[in-house]
Structure formats: structure tokens, C-alpha cells
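Novice: pasted the sequence and its predicted model underneath.
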Amino acid sequence: MTMKPLIPVLAALALAACAGGPAPIEVTRFHLSQPLAGQTIAVVPPEGVAADSLDFATQASALAAELARAGFQPVAAGQPSMLRATLRLESSSREEQRQSPFSIGIGGMTGGRNVGVGGGVAVPVGGNRTRTVTMATLSLQIRRTADGSVQWEGRASDTVDGSNAIAAVPRLARALLTGFPGPSGQTVRVKPAP
């Protein structure tokens, strides 16, 4: 049997696996089904976080872009706005063992007329390595500025490679606000548009 006919099939399977893209993100939302999009909104830090910190500025910028995409009119913090969006990013990291993708196989076979015995051993090359994996959760509350009443809230969680949870904020914010306001009281998996 020749292997040549299998090569195109294997290549097509590899391409199909790559085409899937990143996994969907787990999203939970709660709201009062009130129309909010189209109103002015300011992104503000949670209590205890400085508004002028670099981390918050990076997160707020990513969130403001997604709020605009969802139909809101973002304004700078401190400017008059009808709504306030408070975001919080939480993360926890862990080390994970990762086996080498390469191995060497050693095999053998012996047999007589109608009897065969075989065996094999696969030895990983390069040993095991560790990698850092971080669970990042972005929480968002939208309140009316006039009375502070919560109109919408949600959270999105995803696992990312490395320990930089801030790098996950644009993707988490996009998933959280995709199809705004989204189903209330349900946890769904959302695949954000690129």
C-alpha cells in the first residue's frame, strides 16, 4: 500500500483543524431588557483602582472600542455621560506540564510460519516542559449615571497562554458585548468575530 494518496487527505484535515480558530468564550449576562445602546457612556475603574494607571487605561481603551462597536457613544472619563461602565479584570495563573511533540519509535517483530509477535517503544525527545496558563475573567457593569442603578452586567472568561491577562481584554470584551444585550441569565459560549 502506498502513502501518496493519504498525503492530500492529511493536509486537508490539518487545514480544517486550523480554520476553526480560537475556541469560544464563556459569557454570562444579566439585564432588564432596557434599550441602552446609542447612549453616551464613560468607562470608569472599580473602587480601589487608579483611573490614571497604565493597566486600567489599556483595559478601558479596549472596552471603549467594543462599546462603540455595540452602538454606544463612549466619552472620556470625567465627561458628562448617561451611563457608566465599570470593568474589573481578575486572573489566576498555573503551571502546566507539556510533553514534547516529538518522539522516537523503536519496534521489532519476530515470528514463525503462522505466529507473529511484535512490540514497540516510543521515547519522547526533548523532555517535558512547563508553560504558564492563565484564567482571565472580565466583569462589566453598566449603571445609569443619574441614580446609579445597574442596567446590565456580565462576565466573560477565557484561558490564555502566559501570565498577561490584560492581553486577553480585547477578545473578552468583544465576546461579552457581541449581540448586546444578549440572553439574560444564561451562560453561553460566544465566538467573537475577528
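Specialist: Yep, it's here. Numbering: from 1, shown residues only.
Novice: measure Ala42 to Ala23 for me?
Specialist: Shown here: Ala42 relative to Ala23, a distance of 32 Å by C-beta to C-beta, to the nearest Å. Placement of C-beta: from N, CA and C, glycine included.
Novice: can you count the residues close to Ala76?
Specialist: Counted by other C-beta atoms under 10 Å, the residues lying close to Ala76 total 10.
Novice: by contact count, what packs against the longest helix seen in the chain?
Specialist: Ranked by residue count, the top helix of the chain under DSSP state H comes out as helix 54-69. Packing contacts for helix 54-69, counted by 3 or more C-beta pairs under 8 Å, 6 or more residues apart in numbering; DSSP states H and E, involve strand 40-44, strand 73-75, strand 83-98, helix 169-177.
Novice: mind showing which ranges of this structure have poor pLDDT?
Specialist: For the chain, the stretches flagged by pLDDT under 70 are 1-21, 96-128.
Novice: list the buried ones in stretch 175-191?
Specialist: Under the neighbour-count criterion of 16 or more other C-beta atoms under 10 Å, stretch 175-191 has 175-178, 180-182, 190 buried.
Novice: so which of the residues you listed would you say is closest to Glu66?
Specialist: Of all these, Glu66 sits closest to Leu177, with 4.8 Å by C-beta to C-beta.
Novice: for the closest one, which residues are in contact?
Specialist: Applying C-beta atoms under 8 Å, 6 or more residues apart in numbering to Leu177 gives the contacts 66-67, 69-70.
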